[in-house]
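[1] Turn this into a structure:
(one chain, ligands or ions: 2)
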Amino acid sequence: MNRILITGGAGFLGSHLCDALLERGADVVCVDNFFSGYKDNIRHLFSHSYFELIRHDIIHPLFLEVDKIYNLACPASPLYYQNNAIKTVKTSVMGTINMLGMAKRIKARILLASTSEVYGNPAVHPQKESYWGNVNPVGVRSCYDEGKRVAETLMMDYHRQNNVDTRIVRIFNTYGPRMAINDGRVVSNFIVQALRGEPVTVYGDGTQTRSFCYVSDLIDAFILTMDKEGFTQPVNLGNPAESTILELAEKIITLTKSSSKIIRKPLPSDDPVRRCPDISLAKEKLGWQPKIGLEEGLLKTIAYFREKLDIKKR
Ligand code: NAD
Ligand code: UDP
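    Ligands and ions are numbered 1, 2, ... in the order given. Here you go, the predicted model:
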């Protein structure tokens, strides 16, 4: 039996990973402290014989016997991770040490959900894995960025020093159903605002770019990375189709047929100007590239929020 632990399993990405692994016949243990995740994301799994839920905070040690660990626990939205910045650092550092300690003890393979934020405000475009990044170590985003950078360091040191079988995925902005309504990230914010007919809040002049990946594409890549033998180097996972935040706002208003107007709000500090993954390594090593385009992915996500908000189709 393939016994798999998913930390952060009640979150946006974690809950989709629980689904995908159960569909593949795995025995899944989901660990979550419900800081930014919700039982609603996994409620449909409660009666599944191979699904277990443990309420636990990974900054405390955990003793389980599994074959693989997907370490996803960490709030991903700036709103949530800045809400308790010190806790965010603890989750990335102490949480990753605890999961690596467990992986070492039970000889489990472990994957870290790292982030494009390790590149900070990148001076190189698009970003390749070999780029060391441009991160402000003392800014409001550093609890997340530097936390993940230390988590990557820990992964590599446990690999070099203790032979732990590690995987590191650097995730670029991913969206889809089960993002929380109040999550604060751009796709969920814009869709919820457009569906409610409220102003769509573009921060700054909206010329900053992001590259948006649909959740099912990312989950496929997670599993391919975990199952690839000897693949310890960090790998970028994301959709290289880059768009400005203003273009995203306009697209979402069109797709929702909303009457919402765009308004400007101040740009948060250290907001990266451009972000786009170079995914040649994932293509070469995993034979992976995203299949779902932005419009198709947004339509699926809009349908989800429409139902969640109970808003009738216009
Ligand atoms: P999310 O906030 O929806 O999920 C994170 C989950 O981790 C939540 O269920 C939360 O309750 C749980 N959690 C947080 N701290 C914990 C702790 N100390 N102990 C136990 N559980 C804890 O975010 P997400 O989008 O699903 O992101 C999942 C992972 O992927 C995170 O590590 C995030 O940094 C990474 N990531 C996501 C994106 C993205 O675009 N979605 C981009 C880059 C990296
Ligand atoms: N953003 C925005 N309006 C919002 C939320 C976010 O204009 O209501 C911008 C934000 O300033 C950033 C981009 O959208 O430039 C992506 O923000 P998000 O928080 O989703 O992710 P991250 O900045 O971590 O990539």
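
[2] Helices along the chain, start to end?
    Along the chain, counting by DSSP state H, helices occupy 12-23, 78-83, 85-106, 142-162, 186-196, 215-227, 245-255, 280-286, 294-309.

[3] where's K291 relative to L218, distance?
    Computed as Cβ to Cβ, to the nearest Å, the K291 to L218 distance reads 11 Å. C-beta here means a position set from N, CA and C on the backbone, and glycine is covered the same way.

[4] So which of the two has more stuff around it?
    L218 (25 against 12; other Cβ atoms under 10 Å).

[5] wait, isn't that one in contact with Y175?
    No. With contact defined as Cβ atoms under 8 Å, L218 does not reach Y175; the gap is 9.6 Å.

[6] In this structure, where is pLDDT below threshold?
    For the chain, the stretches with pLDDT under 70 are 1, 312-314.

[7] show me the residues around the residue of the stretch 1-150 of the chain found nearest ligand 2 that make contact.
    Nearest residue of the stretch 1-150 of the chain to ligand 2, counting by Cβ to the nearest ligand atom: P78, 4.9 Å away. The contact partners of P78, by Cβ atoms under 8 Å, 6 or more residues apart in numbering, come to 140-141, 144, 184-185, 268.

[8] out of those, who's near ligand 2?
    185, 268 (Cβ under 6 Å from any ligand atom).

[9] And the contacts of P78, which two are furthest apart?
    V140 and R185 (15.7 Å; Cβ to Cβ).

[10] neighbour-wise, which of the two wins?
    R185 (19 against 15).

[11] May I have the beta-bridge partners of the closest residue in space to E250 that isn't next to it in sequence?
    Using Cβ to Cβ, 6 or more residues apart in numbering and skipping residues adjacent in sequence, the residue nearest E250 is I262, 7.6 Å away. Residues in a beta bridge with I262, per DSSP bridges, are V200.

[12] Isn't I262 up against A249?
    Yes. Applying Cβ under 8 Å, one finds I262 in contact with A249, separated by 5.3 Å.

[13] intersection of neighbour lists for these two?
    Joint contacts of I262 and A249 (Cβ under 8 Å, 6+ apart) are 200, 202, 206.

[14] ok, the closest residue to Y131 other than its chain neighbours to E117 distance?
    Closest residue to Y131 apart from its sequence neighbours, by Cβ to Cβ, 6+ apart: V124 at 4.7 Å. Separation of V124 from E117 (Cβ to Cβ) stands at 15 Å.

[15] Neighbour count: those two, which is higher?
    The neighbour comparison of V124 against E117 (other Cβ under 10 Å) goes to E117, with 26 against 14.

[16] Now for the residue nearest to that one when sequence neighbours are not counted: which residues touch it?
    What sits nearest to E117 in space, not counting adjacent residues and going by Cβ to Cβ, 6+ apart, is D145, at 4.4 Å. Neighbouring residues of D145 by Cβ under 8 Å, 6+ apart: 115, 117-118, 120, 135-136.

[17] and with 10 Å instead?
    81, 92, 115-121, 133, 135-137, 139, 270, 272 (Cβ atoms under 10 Å, 6 or more residues apart in numbering).

[18] follow-up on the earlier one: between K291 and L218, what contacts are shared?
    Residues touching both K291 and L218 by Cβ under 10 Å, 6+ apart: N239.

[19] Could you count how many residues lie near the closest residue to ligand 2 within the stretch 201-314 of the chain?
    When scored by Cβ to the nearest ligand atom, the stretch 201-314 of the chain has Y203 as its residue closest to ligand 2, at 3.5 Å. Y203 is flanked by 15 other residues according to other Cβ under 10 Å.

[20] Isn't K285 up against V235?
    Yes. When contacts are counted by Cβ atoms under 10 Å, K285 is listed as touching V235 (7.0 Å).

[21] ok, the two, which is more surrounded?
    Using other Cβ under 10 Å, the more surrounded residue of K285 and V235 is V235, with 24 against 15.

[22] Would you mind listing what in the stretch 1-150 of the chain touches ligand 1?
    Close to ligand 1, as judged by Cβ under 6 Å from any ligand atom, the stretch 1-150 of the chain has residues 7-8, 10-14, 32-37, 57-59, 72-76, 80, 91, 95, 113, 115.

[23] From these, which land in strands?
    Mapping those onto strands (DSSP state E) picks out 7, 32, 113, 115.

[24] circling back to that earlier point, Throw together a ChimeraX command that grabs the buried residues out of the residues of the stretch 1-150 of the chain next to ligand 1.
    Selection of buried members from these for ChimeraX, criterion 16 or more other Cβ atoms under 10 Å:
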select :7,8,10,11,12,13,14,32,33,35,36,37,57,58,59,72,73,74,75,76,80,91,95,113,115
